[in-house]
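Student: Show me how the following folds:
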Amino acid sequence: MLEEVAFRAYAQGVTTTKPRIAIAGMAIESSTFSPHRAGARDFQRFEGEELINRYTSLREGSARDAAEWLPVYYARSIPGGAVLREVYDDVKTRILDGLRELVAGDGIDGLFFDIHGAMSVVGLDDAEGDLISAIRDVIGNDVVVSASMDLHGNVSRPLIEQADIITCYRLAPHEDTAETRDRAIKNLLDALTSGVVPRRAYVPVPILLPGEKTSTRVEPAKSLYARIDEIETRDGIVDAAIWIGYAWADEPRCHGVVVVTGTDDAAIASAAEELAAEFWRVRDEFEFVGPPGTLDEGVAAGLASPTIPYFISDSGDNPGAGGTGDVTWTLAQLLQKPELTADDSPTVLVGSIFDKGALDFLRTQQVGSTVTVEAGARVDSGPHGPVTITGELVSLTEGDPDAGGIAVIRVGGIHAIVTEFRKAYHAIEDFTSIGLDPFTAQIVVTKIGYLEPTLYDAQRGWTLALTPGGVDQDLERLGHHRIQRPMFPFDSFDHTPDLSAEIFGSQA
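Tutor: Residues are numbered from 1 along each chain as shown. Reported below is the predicted structural model:
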């Protein structure tokens, strides 16, 4: 119990019996196929009480009083391309300096390591592995580290070797984000207060699939993840986790992984191998969570739909998965359709493309006037170059935390959203905050894959359009060449791969 923590605290010169737990991390999902580079502006930074209050159990729960929480530094960004090396190095330095100061003072017993798991950094193959290795150099091997991750993250060997406790989301879409972080915090507190650090059974699974084919809304992922609840009731097991991995990065660590954590090696190994075998068994059953189709098929279905709104996912340029957010291919196609651009056309909301220069120009124009502006494709011009939009400037909105300035231009029924900076239109409030009502629109087109909760609840029909971009659903079209092979679905297998568990962690 707490006596063991108190003993360690005494040995480090700490006068309190509460464990001292640092909080640090860096999170982004990065497509290496996207030409976007995540810079300093892309990241929100958290320190002090603001960092502690990010977590429900520390803001409202009893965990706040169970330890002395020491916020170090945390940076997060919406998904995008690889992170500029200087930006990563800056965040890494801030984390290491903060931890170094704590270690030199009263020391720390634990670290809550808040990461995504699919961060790519220019010049690195395993960013989270690099970060945890540098952290271990500062804090040593006796500090207990508990990591919280996205199930679309990647668990590399350096990460599994150096994170004592590790867990991930169990829902996609990720409606259990807060719950997962709180579980990682609870697991860390349990280890520190009991004095027993669990071990990890690790099984890499040679499967690499996009999130839109592995949503837990549908089978087989729904039942696969449902097995976790029963496994966690078994003696000697603390946590079970399945990582789908991140399909839009071309790195050796990108593949499925199962990790089961606990105090009984035989139990965790058996459970990890059981989950991995089931993951492998159902590999051919994964299908798109929404009805897939071409953009033209989506538009035709949307116009014919008797109920509204009808949603179309512009999935190839989804900023929520790492797309640049400025691919103009879809908007250009829509602007060529007279059934959408006539004065009597039904309302079609199109979110969005970003272009700072276009916003600078539109700010010089009067709302209500007719404008002509060239926008988009400044970062990713592969599928289509900048698009020319001529129509009524419906609105100009300033001060969005992600988008900066936002303009809406109406061309017939099309309401094209142009932003100053990258923004994902993944919630109803993203539209309503700029005066657009998705519930009265015939069609809503947005750069997304599977629909996030408020959009999913609003839709009365849906096409997951297989459009081009940095997170193209056609993985073979992207051209991976650095992932481990063989890998499903890129390769055929004439035998079951080795799905034996490897145990990590110190013996008690």
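Student: what does the domain assignment say about the chain?
Tutor: 2-287, 292-466 (automatic domain parsing).
Student: Mean pLDDT lowest where, among the ones you listed?
Tutor: Within the domains of the chain, confidence is poorest for domain 2-287, with a mean of 94 (mean pLDDT).
Student: which residues of the stretch 251-400 of the chain fall in helices?
Tutor: For the stretch 251-400 of the chain, the helices defined by DSSP state H, counting those that start in this stretch cover 265-281, 295-304, 329-335, 338-341, 356-362.
Student: for this structure, what's the longest helix?
Tutor: helix 85-104 (DSSP state H).
Student: Which secondary structure elements does that helix sit against?
Tutor: strand 20-27, strand 68-77, helix 127-139 (3 or more C-beta pairs under 8 Å, 6 or more residues apart in numbering; DSSP states H and E). (C-beta placed from N, C-alpha, C; glycine too.)
Student: ok, residues contacting the longest one?
Tutor: Residues outside helix 127-139 that contact it (C-beta atoms under 8 Å, 6 or more residues apart in numbering) are 22, 24, 26, 83, 88, 92, 95-96, 99-100, 103, 108, 111, 113, 115, 117, 119-121, 124, 145, 147, 153-154, 156-159, 162-163, 253.
Student: what about residue 491, how many residues close to it?
Tutor: Using other C-beta atoms under 10 Å, residue 491 has 9 neighbouring residues.
Student: Hmm, residue 483 and it touching each other?
Tutor: No: here residue 491 does not reach residue 483: they are 10.3 Å apart, not a contact under C-beta atoms under 8 Å.
Student: Just the buried residues of the contacts of helix 127-139.
Tutor: 22, 24, 26, 83, 88, 92, 95-96, 99, 103, 108, 111, 113, 115, 117, 119-121, 124, 145, 147, 153-154, 156, 158-159, 162-163, 253 (16 or more other C-beta atoms under 10 Å).
Student: can you count the residues close to residue 460?
Tutor: 13.
Student: for the residue nearest to it when sequence neighbours are not counted, phi and psi?
Tutor: Using C-beta to C-beta, 6 or more residues apart in numbering and skipping the chain neighbours, the partner closest in space to residue 460 is residue 307 (3.9 Å). In terms of degrees, to the nearest 10, the main-chain angles of residue 307 are phi -120, psi 150.
Student: wait, residue 307 sits on residue 461?
Tutor: Yes: between residue 307 and residue 461 there is a contact at 6.8 Å, judged by C-beta under 8 Å.
Student: neighbour count winner among the two?
Tutor: Between residue 307 and residue 461, counted using other C-beta under 10 Å, the more crowded position is residue 461 (18 against 8).
Student: Nearest spatial neighbour of that one, chain-adjacent residues omitted?
Tutor: residue 310 (4.1 Å).
Student: circling back: just say which of the helices of the stretch 251-400 of the chain is most tucked in.
Tutor: Mean neighbour count (mean count of other C-beta atoms under 10 Å) peaks for helix 329-335 among the helices of the stretch 251-400 of the chain, with a mean of 23.
Student: Check the offset of that helix from the chain's centre.
Tutor: Relative to the chain's own centre, helix 329-335 is displaced by 27 Å; criterion: C-alpha atoms, centre = their mean, to the nearest Å.
Student: that older thread, and the residue nearest to residue 461, bridged to which residues?
Tutor: Assessed by DSSP bridges, residue 310 has beta-bridge partners residue 443.
Student: on that earlier part again, including distance to residue 174, could the helices and strands packed on helix 85-104 go into JSON lines?
Tutor: JSON lines is the format used below for the helices and strands packed on helix 85-104 (distance: least, C-beta to C-beta, whole Å):
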{"stretch": "strand 20-27", "distance to residue 174": "12"}
{"stretch": "strand 68-77", "distance to residue 174": "13"}
{"stretch": "helix 127-139", "distance to residue 174": "18"}
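Student: if we compare the ones you listed, which one ends up closest to residue 196?
Tutor: Taking C-beta to C-beta, strand 20-27 is the member of those nearest to residue 196, at 16.6 Å.
Student: The top strand by length along the chain: what's the following helix or strand?
Tutor: Counting residues, the longest strand found in the chain (DSSP state E) is strand 387-400. As assigned by DSSP states H and E, the chain's next helix or strand after strand 387-400 is strand 404-411.
Student: Give the burial count for the closest residue in space to residue 54 that isn't next to it in sequence, as a bare number.
Tutor: Distance criterion C-beta to C-beta, 6+ apart; nearest residue to residue 54, sequence neighbours excluded, is residue 46 at 6.2 Å. As a burial measure, residue 46 scores 20 neighbours (other C-beta under 10 Å).
Student: In this structure residue 46 contacts residue 75, no?
Tutor: Yes: between residue 46 and residue 75 there is a contact under C-beta under 8 Å: 7.5 Å.
Student: Pull the contacting residues for the residue nearest to residue 54.
Tutor: Taking C-beta under 8 Å, 6+ apart as the test, what residue 46 contacts is 54, 71, 73, 74, 75, 76.
Student: Next up, the contacts around the last one.
Tutor: Residue 76 makes contact with 26, 27, 28, 43, 44, 46, 116 under the criterion C-beta under 8 Å, 6+ apart.
Student: PyMOL command for the buried members of those?
Tutor: Those of these that count as buried under 16+ other C-beta under 10 Å are selected in PyMOL with:
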select buried, resi 26+27+28+43+46+116
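Student: hang on, the earlier thing: which members of the contacts of residue 46 are the farthest-apart pair?
Tutor: Pairwise over the contacts of residue 46, using C-beta to C-beta, the maximum falls at 71 and 76, 14.0 Å.
Student: on that earlier part again, now the residue nearest to residue 460: how far from residue 282?
Tutor: 33 Å (C-beta to C-beta, to the nearest Å).
Student: again with residue 47
Tutor: Taking C-beta to C-beta as the criterion, residue 47 is separated from residue 282 by 43 Å.
Student: and what of residue 181?
Tutor: Counting by C-beta to C-beta - residue 181 and residue 282 are separated by 28 Å.
Student: Which one of these two is surrounded by more residues?
Tutor: The neighbour comparison of residue 181 against residue 282 (other C-beta under 10 Å) goes to residue 181, with 22 against 15.
Student: which non-adjacent residue is nearest that one?
Tutor: residue 148 (4.6 Å).
Student: Name all residues that make contact with the one you found.
Tutor: 112, 113, 114, 115, 167, 168, 180, 181, 183, 184, 185.
Student: what are the bridge partners for it, then?
Tutor: residue 114, residue 167.
Student: Am I right that residue 420 is in contact with residue 403?
Tutor: Yes: counting by C-beta under 8 Å, residue 420 touches residue 403, with 6.1 Å between them.
Student: which one of the two has more residues nearby?
Tutor: The neighbour count for residue 420 versus residue 403, taken as other C-beta under 10 Å, is higher for residue 403 (26 against 22).
Student: how near is that one to residue 385?
Tutor: Residue 403 is 22 Å from residue 385, by C-beta to C-beta.
Student: The residue nearest to residue 461 and residue 459 touch, don't they?
Tutor: Yes: using C-beta under 8 Å, residue 310 is in contact with residue 459, at 7.1 Å.
Student: So for these two, which residue has more residues nearby?
Tutor: residue 310 (25 against 19).
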